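Colleague: Pasting the sequence and the predicted model now:
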Amino acid sequence: MGERTELLQSLRDEVEGLVASDAPDDEVLEEVVRRVHEAHPSWDWSGIYLLVGDTLVLGPATAPADHSRIGIGEGVCGTAVSEDRNQVVEDVREVENYLACSIHTRSEIVVLIRDGGKIVGQFDIDSDTVGAFTDEDERLLDELAELVAPRVATLAASREEG
C-alpha cells in the first residue's frame, strides 16, 4: 500500500470514528472538515454546505466564506444541486456563474452529500492551484459523504426548524 493510500485509509477510519461518537453533529462535522483539509496541503479552503429548503447554508468550514447562503443553480455549489451531480472545476475563471470567495482560488470541487438518496449538503473545497483535484479526491470525498450523511441531514434539519 502506498503512502497516499495509507493516508486516505487513515482519514476514512478517523471519520468513521468521529461519526460514531456521541459528540454533537456540528462538532463532529467541524472536526471532519479540519481533518480533510489538513490531509491535503494544496486545499486552501474546505467546508460543508447544508441544504436547508432551497438554499445552501454554510456549515462547518476552515474559514469564513463570502457566501454563507447560496441559491440552487448559483455558482458551482448551486449548480451541483440543480444538476444533481458533483462538480470538479479545473479553472474557476472559465466558469461563467462562478461565485468568487477569494481572488486566489483557481479550482474547486463540490461533492454532494446524500442521505436516503436525498441531497442534504455538500463538501466544497477550493484550491489556489489550477487542476488541484483528482478522480481519487472525488472518490474519497464521495466515501466520506456517505459516512457523514446522517450527521449532515440532522444538522440541516435543525437549521430548518431554527
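Modeller: Looks like it came in fine. These numbers were taken from a predicted model, which means no experiment stands behind them.
Colleague: got a list of what the residue most central in space within the chain touches?
Modeller: Computing the C-alpha centroid of the chain and ranking residues by CA atoms, centre = their mean puts Phe123 first, at 0.9 Å. Counting by CB atoms under 8 Å, 6 or more residues apart in numbering, Phe123 touches Val36, Ser46, Gly47, Ile48, Ile109, Val110, Val111, Ile113, Leu141, Leu144, Ala145. No exception for glycine: its C-beta is placed from N, CA and C like everyone else's.
Colleague: And the closest residue to it other than its chain neighbours, what's its pLDDT?
Modeller: On the basis of CB to CB, 6 or more residues apart in numbering, the spatially nearest residue to Phe123 that is not a chain neighbour turns out to be Val111, at 4.5 Å. The predicted structure scores Val111 at 98 on the pLDDT scale.
Colleague: for Cys101, same thing?
Modeller: Residue-level confidence at Cys101 comes out at 66, pLDDT.
Colleague: what do you get for the one 5 residues further on?
Modeller: Per-residue pLDDT puts Arg106 at 88.
Colleague: Could you do Leu8 as well?
Modeller: 77.
Colleague: Need the contacts of Phe123 in TSV (columns: secondary structure).
Modeller: What follows is the contacts of Phe123, written out as TSV (DSSP: H, G, I helix; E, B strand; the rest coil):
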residue	secondary structure
Val36	helix
Ser46	strand
Gly47	strand
Ile48	strand
Ile109	strand
Val110	strand
Val111	strand
Ile113	strand
Leu141	helix
Leu144	helix
Ala145	helix
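Colleague: From those, list the buried ones, please.
Modeller: Buried residues within the contacts of Phe123, defined by neighbour count using 16 or more other CB atoms under 10 Å: Val36, Ser46, Gly47, Ile48, Ile109, Val110, Val111, Ile113, Leu141, Leu144, Ala145.
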